[in-house]
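**Student:** here's my sequence, what's the structure:
(one chain, ligands or ions: 1)
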Amino acid sequence: MVVSNNPTVLIFDSGVGGLSVYKEVAALLPHVNYIYIFDNQAYPYGELEQGVLIERVHKCIDSVMEEYHVDLVVIACNTASTIVLPSLRSSLSIPVVGVVPAIKPASGLSSQAVGLIATPATVTRQYTHDLIKDFSNDKDVRLVGSTKLVDYAEAKLREMPLDKEILASELSSLVGKIDVAVLGCTHFPLIKQEIQQVLGESVTLIDSGEAIARRVKSLIEDKGRESENKKKHPIFATAPTWKPESLNRTLSYLGFEDVMLREIPHF
Ligand code: DGL
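**Tutor:** Model (predicted):
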């Protein structure tokens, strides 16, 4: 069992999206130990059957916790958080922080209509519809569920050339119709500038990253020393990654080691 004096935060997503949450958390808690695991074997989660998704998330988290002492888990994935949090919280004795679309703050800011850009699964979840019913303040909320945008963010972090046409066509139903957009998938803050260009500078983009970071900070204490900050964080994938060299380069800038394979028995 790997144990350390500093608290350890385990961050989970289906892919690189959780890195947008990691960046926010690490900015507030720079000396904490981070471990990242992404379930690329079952990616994209936005098109995965619910029972399979729940089982996968549990297995990934358990697999890391068998080896490392972990103080807090962040499910840095809206698609997973909208269904897996109750069962994870009842099976783990440490805090589990999730991320769900920021409908409430977005509706508060909007004077026209809100766009929710998320995965196909998130826009159909009952949880999301309840959020809209309870917190949209009767604002019109327009939903866009897109896996192509998730793939786009994956490609960006692998330094791939990006086709702006894809973005424009995926977001076309929102252009000129909204004044606030919720980035309801953790992959999307990674392509925020590109989304902003398509929707126009007058549209405010909101994501949940900062709020998650504040929540994590309220639950653990960063008592690290400056020198410990230099250590690279381990990152695991459940299947071999594509374009590993480019991805590892991006990960290195963010403070991670090269991706290590950690297979999870398949469903
Ligand atoms: N990053 C994830 C989310 O926040 C899911 C992306 C996917 O695998 O479809 O919803």
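**Student:** contact residues of the protein facing the ligand?
**Tutor:** 13-15, 17, 43-46, 77-79, 119, 122, 147, 150, 185-187 (CB under 6 Å from any ligand atom). Yep, even glycine has a C-beta here, placed from its N, CA and C like the rest.
**Student:** what segments of the chain are helices?
**Tutor:** Assigned helices in the chain, in chain order: 18-28, 50-65, 78-91, 103-109, 120-124, 126-135, 147-156, 164-170, 192-199, 209-219, 244-253 (criterion: DSSP state H).
**Student:** now the ones you listed as TSV including mean neighbour count?
**Tutor:** As requested, the helices of the chain are exported to TSV (neighbours: other CB atoms under 10 Å):
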stretch	mean neighbour count
helix 18-28	22
helix 50-65	18
helix 78-91	20
helix 103-109	19
helix 120-124	21
helix 126-135	15
helix 147-156	21
helix 164-170	14
helix 192-199	17
helix 209-219	17
helix 244-253	15
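**Student:** so can I have JSON lines of those showing mean pLDDT?
**Tutor:** Formatted as JSON lines, the helices of the chain follow (pLDDT from 0 to 100):
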{"stretch": "helix 18-28", "mean pLDDT": "98"}
{"stretch": "helix 50-65", "mean pLDDT": "97"}
{"stretch": "helix 78-91", "mean pLDDT": "97"}
{"stretch": "helix 103-109", "mean pLDDT": "97"}
{"stretch": "helix 120-124", "mean pLDDT": "98"}
{"stretch": "helix 126-135", "mean pLDDT": "97"}
{"stretch": "helix 147-156", "mean pLDDT": "98"}
{"stretch": "helix 164-170", "mean pLDDT": "96"}
{"stretch": "helix 192-199", "mean pLDDT": "98"}
{"stretch": "helix 209-219", "mean pLDDT": "97"}
{"stretch": "helix 244-253", "mean pLDDT": "98"}
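**Student:** what's the closest of those helices to residue 236?
**Tutor:** helix 50-65 (6.9 Å; CB to CB).
**Student:** packing partners for the closest one?
**Tutor:** If you count contacts as 3 or more CB pairs under 8 Å, 6 or more residues apart in numbering; DSSP states H and E, helix 50-65 packs onto strand 8-13, strand 33-38, helix 78-91.
**Student:** quick one: contacts of the longest one?
**Tutor:** By CB atoms under 8 Å, 6 or more residues apart in numbering, the residues outside helix 78-91 that reach it are 12-14, 45-46, 48, 50, 53-54, 57-58, 61, 73, 75, 96, 98-101, 118-119, 121-122, 125, 127-128, 184-186, 208.
**Student:** next one: it to chain centre, how far?
**Tutor:** 14 Å (CA atoms, centre = their mean, to the nearest Å).
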